[in-house]
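*Asks:* Build me a model from this:
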Amino acid sequence: MVRLAASLIIGALLGALVGAQPIELDKRNYAAVNPNQPKVVTVTKTVTVTARQGDYVARPTPAPVVPKPNVPAPGLPAWQYEMLNQLNVIRRAARKDPVQLDPKIVAIAQEHSQEQSMRKALVHLNSGGTLGQRYARAGFNWRGAAENIAWNQQSPSQAMNAWAKSPPHYANMIGNYNYVGFGFSNYYWTQDLLLV
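*Replies:* Predicted coordinates:
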């Protein structure tokens, strides 16, 4: 009995909602409901100003200078810049300053890769001595030096990734250096870093 009464009441309400005509409510605006509120007033006025001689006239500011990526210099192969850009991405992720490519260091690294290729050996010491001795012979007054070498990577990216995955090589890559040079010969890769 209770269920029947509840069903009838619910049915009557739903029927009233579904079948009823919309009820027209009085339209009211904000001012009618809130008579003590300040009124919003919009004032529009057109002013024409002409510049006279001697008046200050704003000049447009030049567009900001966006640094360009390292572009290959004449004489250096593009893969050198590819490796430089990849190295600087790694350094930036480690919150380190970027390094710059130096042609004299490139020559030292290239000579080292060629000697390793000729000897068919992956070594840090070559006929020019240690890396520090090679830097001194080239006229650098250096404060820090590091060298990463690799063999058989098929591309600059593969060599960079191999070094980045090796903790001692990665430490060199993000170390306190400001110049770099890369060498390549028959898949012998060299990365020489320098702090002056």
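*Asks:* which stretches of this structure form strands?
*Replies:* All strands of the chain, identified by DSSP state E, fall at 100-101, 144-151, 179-185, 188-195.
*Asks:* Who are the packing partners of the shortest one?
*Replies:* Spelled out, that is strand 100-101. helix 78-93, strand 179-185 (3 or more CB pairs under 8 Å, 6 or more residues apart in numbering; DSSP states H and E). Yep, even glycine has a C-beta here, placed from its N, CA and C like the rest.
*Asks:* same thing with the last one?
*Replies:* Helices and strands touching strand 188-195, by 3+ CB pairs under 8 Å, 6+ apart, are helix 103-119, strand 144-151, helix 156-165, helix 167-173, strand 179-185.
*Asks:* rerun at 6 Å
*Replies:* Counting contacts by 3 or more CB pairs under 6 Å, 6 or more residues apart in numbering; DSSP states H and E, strand 188-195 packs against helix 103-119, strand 144-151, strand 179-185.
*Asks:* what's that strand in contact with?
*Replies:* 105, 108-109, 112-113, 116-117, 142-151, 159, 176-183 (CB atoms under 6 Å, 6 or more residues apart in numbering).
*Asks:* circling back: among the strands of the chain, show me which one is buried the most.
*Replies:* Stretch with highest mean neighbour count among the strands of the chain: strand 188-195 (a mean of 25; mean count of other CB atoms under 10 Å).
*Asks:* CA-only coordinates of that one in PDB, if you can.
*Replies:* Provided in PDB are the C-alpha atoms of strand 188-195 (Å, rounded to 0.1, in the frame of the first residue of the first chain):
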ATOM      1  CA  TYR A 188      88.000   5.600 -34.300                       C
ATOM      2  CA  TRP A 189      86.400   8.600 -32.500                       C
ATOM      3  CA  THR A 190      88.200  11.100 -30.300                       C
ATOM      4  CA  GLN A 191      86.700  13.900 -28.100                       C
ATOM      5  CA  ASP A 192      89.300  16.200 -26.600                       C
ATOM      6  CA  LEU A 193      88.200  18.700 -23.900                       C
ATOM      7  CA  LEU A 194      90.200  21.700 -22.600                       C
ATOM      8  CA  LEU A 195      89.900  24.200 -19.900                       C
END
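*Asks:* Let me see the mean pLDDT of that strand.
*Replies:* Strand 188-195 shows a mean pLDDT of 96.
*Asks:* Neighbouring strands - and their directions - for it?
*Replies:* strand 144-151 (antiparallel), strand 179-185 (antiparallel) (DSSP bridges).
*Asks:* neighbouring contacts of the longest one?
*Replies:* So that's strand 144-151. Contacts for strand 144-151 (CB under 6 Å, 6+ apart): 122, 124, 131-132, 135, 159, 162-163, 169, 172, 175, 188-195.
*Asks:* residue contacts, Leu101?
*Replies:* Contacts of Leu101 by CB under 6 Å, 6+ apart are Leu84.
*Asks:* Looking at strand pairing, list the partners for it.
*Replies:* Beta-bridge partners, per DSSP bridges, of Leu101: Val180.
*Asks:* so how far is Ala109 from it?
*Replies:* 10 Å (CB to CB, to the nearest Å).
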